[in-house]
Structure formats: C-alpha cells, structure tokens
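# I'll drop the sequence and a predicted model, then ask my questions.
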Amino acid sequence: MHPVSGEANFRVIRNREWTHASGSDQSQGQGRRRGQSRALGPFMLSVPTLWIVFVVNFVAIGTVWVHVARSYPNLEAARYWTASALLAAFGAALAMTRSFIDPQHATLLLIPLLIGGSILILAICLAAMGIRRFYGLPVSWGFTAAMVGINFVGLAYFVWHDNMAMRIAIYSACQAVSIAVALPLLLSRRNGHAHPGARLAGCVAILMVGIYVTRSVAALLHIGGPVSLIDFNQFQAVMILGLVFLSMMWNFGFLLMAIDRLRAEVADLALFDDLTGAANRRQFLARLDEECARSGRSGEAFALLMIDLDEFKEVNDNHGHAAGDECLRAFTRVAGNRLRTGDLLARMGGDEFCVLLPSTTLREGAMVARHILEACQGEVVQGNGISLALSASIGVAQWRPEIGLHAERLIAAADRALYTAKKDGKNGYAVFDVTPLEAEPVLRKSA
C-alpha cells in the first residue's frame, strides 16, 4: 500500500479546485497501478461549485415564484420575491465570472465584483421589500438605493486597493442590514398569532445575519487563513455554504407565508360575504348557536335584528344590479359604523341582513335599530346617474330562557317583527315583545 507520512499537504490551483498533493505523483501512480487506494485528506469545499449551486437553486426558486405571481396576482409580495430570486441568480452568475479573470487586472475585476455584488444587494433588498408589501406596508426605494450605493462604492474602493477582507465586511454589512430591517415584521404576532411561515423566515434571517457578522469578523481578523481571489480559505467556504442553504430556506419561509395568506383568504370566503364584506349565513348561524348556548348557561339576554332593504327589487329592476349592489355595500358600511366591537352583522342572502347583539336587552336592541335607520336616512346611493335614498325595515327580538338552544325560534320571532315593520309602512322597526313563548305575541311598531 502507498505510504502516507505526516499531514497531507494541499495547494489551490488557479481554477480554485482543491486537489490532493500528498507524496510524489510518481509514487501515487505506482500505488494505483498496484491496485492500492490513494489516501484522502480532509474534505475541502470548492467555492466556484458553491456559486454554481447557488445559481441553479435560485433559478429554480425564481421559476416557482414566477408561477405563484402569475397564479395569484393579488399577492403583490410574490412579485418582489420573484425579482429577488432571479436577480440573486443573475448576480451570483456574474460575480462567479471573476474566476476567469487574472487577479492582477484590477480594472477588469470591477465588472463582476461591483455589478454582481450590487445586484445581490438589490436582490436581498427586494426580498425585504416583499415582506413589507406582504404586511401591507409601503416600501422604501431610497433605502434600497442607499444600500446598493454603499456596497458599490465600498467594493470599488477596496477592489482598487486590493483588500479582500474589507470587501467581505462591506458586502456582508449591507446584506445584514437589509435583512435586519425586516426582522420586526417577521417576528411580530399579527392578530395575536405567530404565523409558521413568518416565524421560519424570521429564524432563518437571524441565522443569516449571524453568519454575515461572523464572516466579516473572521475576514478582518484573518481567522481560518488568508483570504484572496486565489487563496479562499476553508472557513469562508463553509460560511458561503451556510448562506446558500439559509437563502433557500428563507425563500421556503416566504412560500409558507404565501400559503398561510391564501389559506386565510379561503377561510374568509367560507365565513364572509364577498360582495359586502359582512359575515355570511354560515358564520352567523354558528355564532347564534354559540350565543344561545352561552345565554342558556348564564341566563344573560342578547338581541337579534332582522333587516330588509326597502324597495330593493325595484332598484334592481329600474336601475340595474350594479346600483343594487352599491345599495348593499352602502348599507353594510353605515350599519357597521353603528355597531360595537363584538356585534356581528351578517348578510343572509339577497337584501336580507341580521345583526347579533351580545349582552343586549330588547330595549337596547330597539335603540340600535333606530340608530341604524337614522344613519340610512342620511345616505344617498348613485345608480345610473340617479340618487337613490337608502331605507330599511327592522325586526327586533330578544333571547329568552324559553327559547333555550332553539336558535331558529329566535330567528322566527325577529322575522315576525320584521314583517310587521314592513306591513306598517317600511323605513321603521318593530319589536317582538312577549313573555310566554306560546302566547300570542305583542308586536309594537316604532318609526
């Protein structure tokens, strides 16, 4: 067997591939001819290969984002993340071409180093801007321009003065700052919940900032050996490998954020009316059952309003369905403004609405009905160039112990009061006021 004495020696050739150089070539050849295996030294990373992996992966990620952006045009953040991934792949490919340029020609190195590095800074800034748009916040192109400009000037100066450590420090600082500004959004608890995708992206962002800081300190203190375009030490190569992996994980976090958002939108479609934004019949009935169960345990009353828009069919027939839709949206807006937090306004279908008023007596429910009617009187809807007055009829009922868990009986009581309000001239309300459920109800009309 071919003998190996002492530590294995390594050298870096101009194409940056790490090759084994233990012993003489002649003895190695003789050893292989005898069928003996060559001794292997420690595993060494090829930096150009890492850049190739980076480019290929970000082209794939960018392709996925292109599909997401085209499939879900309302998800504006996807467009920023698409541009970020594709620019990252392009910038890395451009920066990688410096391997084919003689390092003695500093002027030629300006092209891949400055342009490629600046494109990578722009890519990370676009990713951070996508996070802001995801949460509905405005983006700052001024901050992005500042980061790209600082990186460009810093790299240009230290390319000319050939200081690789400072180039790493400046580039890493611009990347770390661009990522750090997005951290508060990713780690915040929106609506009291920590979303899995945002939490993953936030944790990955912290690790990326940590690696950029570690890489800068190591380069400035010469930890791991010298750093140059020819001799790129193993420690820095490991840092780059970590950043390649975390960059992909960061984009996976963005994908999970998009999935969370789309899933929430699907849930909203199941619970809210898409025309008015009010709760739909399904959500209302579920909430009504909950209130009946809660009142059955506590004995505390709550009120229910049944509402119909007056002359709604005539509006649709004479002025078109667009005018009718505008009336529905206008009513939802003015009625919602008269309700408390915790009250539920729901569209049951057509021009029929219900309002659930927890911890509310019949008298208080009648006051809410009157306030809604007063708000409607001051609202004018435009339909085909004609001003349309908005009016409604409202029936008011209160939960009673005799109803128990039978929510449909409370709905029937409010519906009977609504019928009385419409029969007595519309644009008013009536209350269903009876103590024994089996007794003939006393329906009082109020204007």
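On my side now, so go ahead.
# what about residue 272, neighbour count?
When neighbours are defined as other Cβ atoms under 10 Å, residue 272 has 17 of them. (Each C-beta comes from the backbone N, C-alpha and C, glycine too.)
# before we move on, what about residue 137?
Around residue 137 there are 11 other residues, counting by other Cβ under 10 Å.
# residues in contact with it?
Under the criterion of Cβ atoms under 8 Å, 6 or more residues apart in numbering, the neighbours of residue 137 are residue 185.
# SS state for it?
Under the three-state scheme (DSSP: H, G, I helix; E, B strand; the rest coil), the conformation of residue 137 reads as coil.
# what about the stretch 151-300 of the chain, any weak spots by pLDDT?
Within the stretch 151-300 of the chain, the stretches with pLDDT under 70 are 190-194, 227-232.
# one more pass at 90, please.
For the stretch 151-300 of the chain, the stretches flagged by pLDDT under 90 are 155-165, 167-168, 187-197, 219-245, 248, 260-275, 277, 296, 299.
# ok, now the stretch 301-447 of the chain?
310-326, 349, 376-391, 400-407, 422-427, 433-447.
# which stretches in it count as strands?
With DSSP state E, counting those that start in this stretch, the ranges of strands along the stretch 301-447 of the chain come out as 303-309, 344-349, 352-357, 380-383, 386-389, 392-398, 429-433, 442-446.
# residue contacts, the residue nearest in space to the middle of the chain?
For the chain, the residue sitting closest to the mean C-alpha position, by Cα atoms, centre = their mean, is residue 134 at 4.2 Å. The contact partners of residue 134, by Cβ under 8 Å, 6+ apart, come to 75, 76, 77, 257, 261.
# pull out the buried members of those.
75, 77, 257, 261 (16 or more other Cβ atoms under 10 Å).
# check whether residue 278 really touches residue 346, as I assumed.
Yes: counting by Cβ atoms under 8 Å, residue 278 sits close enough to residue 346 to count as a contact (5.7 Å).
# now do the shared contacts for those two.
The overlap between the contact sets of residue 278 and residue 346 (Cβ under 8 Å, 6+ apart) consists of residue 353.
# quick one, the longest helix seen in the chain and strand 344-349 angle?
Secondary structure of the chain read by DSSP state H shows that its longest helix is helix 234-271. In this structure, helix 234-271 runs at an angle of 60 degrees to strand 344-349, with axes from the mean of the first three to the mean of the last three Cα atoms, to 10 degrees as the basis.
# by contact count, what packs against helix 234-271?
For helix 234-271, the elements it packs on are helix 47-71, helix 76-96, helix 117-134, helix 196-220, helix 281-298, judged by 3 or more Cβ pairs under 8 Å, 6 or more residues apart in numbering; DSSP states H and E.
# columns distance to residue 396 on top of the ones you listed, output as TSV?
Formatted as TSV, the entries for the helices and strands packed on helix 234-271 read as follows, by distance: least, Cβ to Cβ, whole Å:
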stretch	distance to residue 396
helix 47-71	46
helix 76-96	43
helix 117-134	43
helix 196-220	44
helix 281-298	15
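# nearest to residue 155, out of those?
With respect to residue 155, and counting by Cβ to Cβ, the nearest of those is helix 117-134 at 5.4 Å.
# most widely separated two among the buried ones among the contacts of residue 134?
Spatially, the most separated pair among these is 75 and 257, at 9.7 Å (Cβ to Cβ).
# between the buried ones among the contacts of residue 134, which is nearest residue 209?
Within those, the smallest distance to residue 209 is 18.8 Å, found for residue 257 (Cβ to Cβ).
# the residue lying closest to that closest one once chain neighbours are set aside: what's it in contact with?
By the measure of Cβ to Cβ, 6 or more residues apart in numbering, the closest residue to residue 257 outside its immediate chain neighbours is residue 197, 3.6 Å from it. Taking Cβ under 8 Å, 6+ apart as the criterion, residue 197 is in contact with 253, 254, 255, 256, 257, 258, 259, 260.
# do that again at 7 Å, thanks
Taking Cβ atoms under 7 Å, 6 or more residues apart in numbering, we find residue 197 in contact with 253, 256, 257, 259, 260.
# look up how far residue 261 lies from the closest residue to residue 86 other than its chain neighbours.
Distance criterion Cβ to Cβ, 6+ apart; nearest residue to residue 86, sequence neighbours excluded, is residue 62 at 3.9 Å. Noted for residue 62: a distance of 20 Å to residue 261, by Cβ to Cβ, to the nearest Å.
# next up, the contacts around the closest residue to residue 240 other than its chain neighbours.
The spatial neighbour of residue 240 that comes closest, neighbours along the chain excluded (Cβ to Cβ, 6+ apart), is residue 50 at 5.2 Å. Applying Cβ under 7 Å, 6+ apart, we find residue 50 in contact with 237, 240, 241, 244.
# got it, and residue 358?
Remark: with contacts taken as Cβ under 7 Å, 6+ apart, residue 358 is in contact with 291, 302, 342.
# recalculate using a threshold of 6 Å.
Contacts for residue 358 were tallied using Cβ atoms under 6 Å, 6 or more residues apart in numbering; they are 302, 342.
# equivalent analysis for the one 10 residues further on, please.
Residues near residue 368 by Cβ under 6 Å, 6+ apart: none.
# what of residue 284?
Contact criterion Cβ under 6 Å, 6+ apart gives 346, 354 as the residues in contact with residue 284.
# what about it, distance to residue 398?
Between residue 284 and residue 398 the computed distance is 17 Å (Cβ to Cβ).
# then residue 142?
With distances taken as Cβ to Cβ, residue 142 is found 58 Å from residue 398.
# how about residue 97?
Shown here: residue 97 relative to residue 398, a distance of 78 Å by Cβ to Cβ.
# looking at the two, which one has more neighbours?
Per other Cβ under 10 Å, whichever of residue 97 and residue 398 has more neighbours is residue 398, with 24 against 14.
# what separates the closest residue to that one other than its chain neighbours from residue 372, distance-wise?
With Cβ to Cβ, 6+ apart as the criterion, residue 398 has its nearest non-adjacent residue at 3.9 Å, and that residue is residue 362. From residue 362 across to residue 372, the span is 16 Å (Cβ to Cβ).
# between these two, point out the one with more neighbours.
Neighbour count, other Cβ under 10 Å: between residue 362 and residue 372, residue 372 has more, with 24 against 18.
# which ones are touching that one?
Applying Cβ under 6 Å, 6+ apart, one finds that residue 372 lies in contact with 335, 338.
# look up how far residue 235 lies from it.
Remark: distance between residue 372 and residue 235 (Cβ to Cβ) = 70 Å.
# I figured residue 132 hits residue 140, correct?
No: taking Cβ atoms under 6 Å as the contact criterion, residue 132 and residue 140 are not neighbours in contact, 8.2 Å apart.
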